[in-house]
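> sequence unavailable; structure follows:
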């Protein structure tokens with residue numbers, strides 16, 4: 001039997017972030033908001049999020065991975081200012097090396 005997971009809302013993620021900034025642990029935040037600790041870590045720790053995504057990619061058939069990666073990168077590029085700047089900087093550096 002598959003477990004049903006509660007999706008987090010933008011408001012809940014905002015509250016998680018505020019609580020973490022106040023110094024609460026992942027465990028304390030999870031207990032107060034009614035989530036499991038791994039959900040809190042996923043939303044507040046970028047490395048945990050990346051590991052989870054990479055692990056889930058292993059379960060995707062090889063022919064679907066390229067499409068999934070493209071959609072994920074496109075969404076992240078459009079929604080994450082810091083990521084967008086890193087991609088632009090990397091692209092400029094590659095272009096300079098190629099044309100040097």
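Cool, got the structure. Computed from a prediction, not measured in an experiment: that's the story for all the values here. Residues are numbered from 1 along each chain as shown.
> which residues does residue 54 contact?
Applying C-beta atoms under 8 Å, 6 or more residues apart in numbering, we find residue 54 in contact with no residue. C-beta coordinates here come from the backbone N, C-alpha and C atoms, glycine included.
> element containing it?
Using DSSP states H and E, residue 54 maps to helix 46-57.
> quick check, pLDDT for residue 2.
You'll see residue 2 listed with a pLDDT of 53.
> now the one 4 residues further on
pLDDT, the model's per-residue confidence, is 71 for residue 6.
> check which element follows the lowest-mean-pLDDT helix or strand in the chain along the chain.
When the helices and strands of the chain are scored by mean pLDDT, DSSP states H and E, helix 62-79 comes last with a mean of 79. Sequence order places helix 81-98 as the next helix or strand after helix 62-79, per DSSP H and E.
> what about that next one, average pLDDT?
Across helix 81-98, the per-residue pLDDT values average to 87.
> no further questions, thank you.
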